[in-house]
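1. Please work out how this folds:
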Amino acid sequence: MGGDRIYSDIYETNPPASFLIYLPAVLTARLLHLPSEFMAAAFVFAEGLASLWLSLAIAVRGGLLKDDAVAMARNAGIFAIFILAGICFAQREHTAMIALMPVLFVYAVRAEGGEVSGAHALAAGIAAGIGVCIKPHFALVMALPFALALWRTRSLALVWKAENVVAVAVFAAYALMVVTLFSEFLPYAQILMATYMKANVTLATLISDATFVAACLLMAASVAAMVLNRFHALAASLVGGSLGFTIAALVQSKGWINHFQPGLSLGFLALALTVTPAVQSLARPKSAPALPKGGALVAVAALMAAMLTPMTMGVAHQLSMQEIYPGLKAAIQRVAPKHPKVMAISATLGVPFPVTRQVDGHWAGKTQTLWLMASARYLLDKGRGDPQKMRDYIEMDARMFADNVRAEKPDVILSATGPHEKKIWQNPYIAAAMKSYRLADTVSGVQIYVPEAAYPQAASTRSSR
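-> Now for the predicted structure:
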């Protein structure tokens, strides 16, 4: 947006779709002179409503939702999309879930032999293609429900339905665009595969994550309810989508909450649809049939999940503390000029962002963080990967940082105090680049460095490392 070329002037750890999906919101924000964050959230909110409307329209036309069940599905969908997302709202995974949801409803209708209009199939296919473009792993979200539809219908004709053909076409067009317009990403992707993609947490850490466990419980409850009562095509398709997102999170092996969140939301929606007959019976006990077998127990479990799962998303923490590092914003404003140029010695995004935006600063780094050094050092310490290549990557990132400091002369360099950062500081290129900077303050474990010449009042002795 500022004239710099991605993957050449600015190095991004994700493929082009990861930032292209936000481009319309950023352009609109600039046109209306509004914050990009606000406009991105507004766009995702509108996309969520459109996705839910399309999904329900598909289900109603296909005969899978009728009467009060439509209203209950709509309410559950609003909760799943907008409430359960919590602090993951508008992240790529959340956006991908919104994009992929309509095609899950299409597959459910196909599985039951219902009717899907050409317009609905086209819209669902386009959205699904965009969802898979965000991360190819998300093809699993489509694959499992589609396999279920194939099994139910025993017809390979489903392969050539409009939603699938269009989704593949969208992804193919995106792949062609990457090769032609973002060709710098291809060699860069090899570095990503050798470092960032391999710096993963253990399986034990992944499966003990609260969001992963909650998603699995919701999926299990939906399956149990269908076993006890009757098969529910929509719920089964959504369970398949939830499982696809959850497997994708395990494949990525980062253990981040935003990776598990889509599986949680779709799992909740699946359970809500499964227990709809039971809830209707409770609401109208005289006019409705008897509660299905096991329905009361499952309905209570769904209610408890609805109340408790948002707390696993960190909503309370988000509402009680707007800054990731309390006091950091005020400290930067105290020691730096207005609109400061900011860089960071950090292995995580939380140190430089969102505080750079909060102080109305300008990010001066070529990369978001020193992720390449951190990933390569992590793999080197774990004895994984080619040791010489890891050392080469460490030197590459350190040189880039040093060159960036000399060229941009940032007003503020933030430094985290974790084990990764301690090793980063030991690199001679990093140490040399920081010789002209002095420690001005330490707030919430983040050190703030400023140029010694510009700010002689800053502490004259750098912290020991």
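
2. how close does residue 62 sit to residue 32?
-> Per C-beta to C-beta, to the nearest Å, residue 62 is found 39 Å from residue 32. C-beta here means a position set from N, CA and C on the backbone, and glycine is covered the same way.

3. of these two, who's got more company?
-> residue 62 (23 against 10; other C-beta atoms under 10 Å).

4. Could you double-check that that one lies in contact with residue 109?
-> Yes: look at residue 62 against residue 109 with C-beta atoms under 8 Å: they come within range, at 3.2 Å.

5. any shared contact partners between these two?
-> 115, 116 (C-beta atoms under 8 Å, 6 or more residues apart in numbering).

6. My reading is that residue 30 is in a strand; is that accurate?
-> No: counting by DSSP: H, G, I helix; E, B strand; the rest coil, residue 30 is located in no strand; its state is helix.

7. where do the strands sit along the protein?
-> Per DSSP state E, the chain carries strands over the ranges 341-345, 362-363, 412-415, 437-443, 446-451.

8. can I get the ones you listed in TSV with mean neighbour count and distance to residue 328?
-> Shown next, in TSV, are these (neighbours: other C-beta atoms under 10 Å; distance: least, C-beta to C-beta, whole Å):
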stretch	mean neighbour count	distance to residue 328
strand 341-345	25	11
strand 362-363	16	15
strand 412-415	25	8
strand 437-443	19	5
strand 446-451	23	6
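
9. Now mean pLDDT and distance to residue 239 too, for the ones you listed, in CSV please.
-> Below are the strands of the chain laid out as CSV (pLDDT from 0 to 100; distance: least, C-beta to C-beta, whole Å):
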stretch, mean pLDDT, distance to residue 239
strand 341-345, 95, 41
strand 362-363, 91, 41
strand 412-415, 95, 43
strand 437-443, 93, 46
strand 446-451, 94, 42
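
10. among the ones you listed, which is nearest residue 404?
-> Nearest to residue 404, of all the strands of the chain, is strand 341-345, at 6.7 Å by C-beta to C-beta.

11. what angle sits between the closest one and strand 446-451?
-> On the basis of axes from the mean of the first three to the mean of the last three C-alpha atoms, to 10 degrees, strand 341-345 is oriented at 130 degrees to strand 446-451.

12. Domain ranges for the chain, per the record?
-> As recorded under automatic domain parsing, the domains making up the chain are 17-319, 328-451.

13. Give me the distance between stretch 207-227 and the centre of its chain.
-> 20 Å (C-alpha atoms, centre = their mean, to the nearest Å).

14. Show the average pLDDT along that stretch.
-> Stretch 207-227 shows a mean pLDDT of 93.

15. One more: stretch 241-259?
-> For stretch 241-259, mean pLDDT rounds to 95.

16. Could you check the pLDDT of the residue nearest to residue 199 when sequence neighbours are not counted?
-> Nearest residue to residue 199 in three dimensions, chain neighbours excluded: residue 375, at 4.1 Å (C-beta to C-beta, 6 or more residues apart in numbering). Residue 375 is assigned a pLDDT of 89 by the prediction.
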